[in-house]
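Colleague: What would the 3D arrangement of this be:
(one chain, ligands or ions: 1)
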Amino acid sequence: MSQPKVGIIMGSSSDLPIMKEAALVLEELGVPYELTVVSAHRTPERMVDYAQKAASRGLEVIVAGAGGAAHLPGMVASVTPLPVVGVPIKSSNSIDGWDSVLSILQMPAGVPVATVALNGARNAGILAAQMVATHDAVVMQRVREFKERLKEKVLDDAADLEARGWRDFLKGHD
Ligand code: RP5
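Modeller: Reported below is the predicted structural model:
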């Protein structure tokens, strides 16, 4: 296994069904990652230790997900010089998800967290890969191909929809 470039962390193992999407897309793009649970509230010392050592261990980006009073991404960002991508999660202790979004989004000046949509772990993984790609030509090429596939899917769908009409098209996609 090669040196992880992206650290995926989450406040609880209950976040894994969402956060695994970041891991899956990093695998798709061939970016090595590590994944673990680091809780801001239940294991604060572990969180500080992880954030303090992340850069010297060779990580280049941290993807941090948390729900409810989601302090993990912001607190990690306060300790590490690495870019942090935050994933707000609608979890068992969320009111409606806005609590997680705003906890991660509304950071004070000087301590940014690149916040993706609620439960947007896949986009967080893509964004992390794009950061790695800025100095890794192989990953950059994979990101280009990934975006090309997105484009092709839309064009194929459009051609299919126009050819078959929307009722027939829906039958094939139910
Ligand atoms: C947050 O509390 C975690 O990130 C999780 O989203 C939420 C609930 O945690 P559990 O009670 O399921 O462990 O800190």
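
Colleague: middle-most residue in the protein, spatially?
Modeller: Relative to the mean C-alpha position of the chain, the nearest C-alpha, by CA atoms, centre = their mean, is the one of residue 124, at 2.3 Å.

Colleague: Tell me which helix or strand it sits in.
Modeller: For residue 124, the host element (DSSP states H and E) is helix 121-133.

Colleague: wait, what's in contact with the residue nearest to the centre of the chain?
Modeller: For residue 124, the set of contacting residues under the criterion of CB atoms under 8 Å, 6 or more residues apart in numbering consists of 22, 63, 65, 85, 86, 87, 116. (Each C-beta comes from the backbone N, C-alpha and C, glycine too.)

Colleague: from those, which ones fall inside strands?
Modeller: 63, 65, 85, 86, 87 (DSSP state E).

Colleague: Which members of these define the maximum pairwise distance?
Modeller: 65 and 85 (9.1 Å; CB to CB).

Colleague: Mind checking which of the two has more residues around it?
Modeller: Neighbour count, other CB atoms under 10 Å: between residue 65 and residue 85, residue 65 has more, with 31 against 28.

Colleague: Let's have the ones in strands among the contacts of residue 124 in JSON lines, adding distance to the ligand and pLDDT.
Modeller: Shown next, in JSON lines, are those (distance: CB to the nearest ligand atom, whole Å; pLDDT from 0 to 100):
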{"residue": "63", "distance to the ligand": "13", "pLDDT": "99"}
{"residue": "65", "distance to the ligand": "7", "pLDDT": "98"}
{"residue": "85", "distance to the ligand": "15", "pLDDT": "99"}
{"residue": "86", "distance to the ligand": "11", "pLDDT": "98"}
{"residue": "87", "distance to the ligand": "10", "pLDDT": "98"}
